[in-house]
Structures are given as structure tokens and as C-alpha cells.
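Asker: this is a predicted model, with the sequence first.
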Amino acid sequence: MKHQTKMALIVLAGSISLGCQFYARSPEDYQKETTALLDTKKDELKSCYDEVLKTDSTAGGTVAVNFSVEPKTGAIVNPEVDAAKSTASETLQQCVITALEGLALDPPDQREGVASFTYDFTANAAQPG
């Protein structure tokens, strides 16, 4: 399975009360840490893809997802497939959405993040090193 990911992340500035401690990442750090968090699901996604390949050896395509990163908790919320940018089967699409459940940045950020993330699945391709 060849697995490539692309991510776009927008950090939305929020109001901050004086005297409160908070963690605020730069947009670059927010993207880097969110990408690392999503990469923790790499093995789960590979297993799901391997199951799909058992019934269709040519299965593959792109799954694009949009989601928010909730301020204060860091939880990934409202993940949904971007149908206009996704070409993979419904099974692969649902696998990606399921994999995102329960993920959260630690420590959380005080600002909301809005992200688009793309997974590319290619059958019988070498794994990136």
C-alpha cells in the first residue's frame, strides 16, 4: 500500500481571557502536530486497506476528509469525507472516518483548527521508507 497524506490547516484565533494559561501553536506547529497525530492511525488504515484488497486487488483511490480540532480539548470533531475530492470506495472512506474517532491533540490548543487531510491508497505499490 502506498500511503501519502496531504494536509491544509487553518488556525482560527480565539479570544483569550487575561490570567488564563493556554497553549497556542503556530500554524506550522499545529499542522505538524496534527499530521503526527493522524499518522498514529497508519497501521489501522493499512489493515483496513488490506481487507479491501482481499476482495478487490485493484482497489485504491483518494480519501479527502475535512474536520475541526476543538479548542481547549484538542479533540478532532466533525470529520467528514469531501466527496468532490474522494475517489476511493465507500468502505475505505468509512475506514478513514472511523480511524479519526477519539483522536485529540495533547496538549490541546486554545484556538480552533480547521483541517483538510488527504489519504492516497494505491494497490501493490512499495511502502515509503
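Answerer: It's in. Since the structure is predicted, the reported quantities are computational estimates derived from the model, not experimental observations.

Asker: make sure residue 59 is indeed in a strand.
Answerer: No - using DSSP: H, G, I helix; E, B strand; the rest coil, the assignment for residue 59 is coil, not a strand.

Asker: okay, the nearest residue to it once chain neighbours are set aside and residue 109: tell me how far apart.
Answerer: Leaving out its chain neighbours, the residue that sits closest to residue 59 by Cβ to Cβ, 6 or more residues apart in numbering is residue 52, at 4.8 Å. The C-beta positions use only the backbone N, C-alpha and C, and glycine is treated the same way. Note on residue 52: its distance to residue 109, by Cβ to Cβ, to the nearest Å, is 34 Å.

Asker: re earlier: confirm the residue nearest to residue 59 sits in a helix?
Answerer: Yes - membership of residue 52 in a helix is supported by three-state DSSP.

Asker: got the contact list for it?
Answerer: 59, 89, 91, 92, 95 (Cβ atoms under 8 Å, 6 or more residues apart in numbering).

Asker: kindly export the helix or strand harbouring residue 64 (C-alpha atoms) in PDB.
Answerer: In the assignment (DSSP states H and E), residue 64 maps to strand 61-69. Coordinates of the C-alpha atoms in strand 61-69 are reproduced here as PDB (Å, rounded to 0.1, in the frame of the first residue of the first chain):
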ATOM      1  CA  GLY A  61      -8.000   6.000  -4.600                       C
ATOM      2  CA  THR A  62      -8.100   9.100  -2.600                       C
ATOM      3  CA  VAL A  63     -10.000   9.900   0.600                       C
ATOM      4  CA  ALA A  64     -10.200  13.600   1.400                       C
ATOM      5  CA  VAL A  65     -11.500  14.500   4.800                       C
ATOM      6  CA  ASN A  66     -12.400  17.800   6.500                       C
ATOM      7  CA  PHE A  67     -12.600  18.200  10.300                       C
ATOM      8  CA  SER A  68     -12.100  20.600  13.100                       C
ATOM      9  CA  VAL A  69      -9.800  20.500  16.100                       C
END
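
Asker: each with direction, which strands does it pair with?
Answerer: Strand pairing for strand 61-69, using DSSP bridges, gives strand 76-81 (antiparallel), strand 112-122 (antiparallel).
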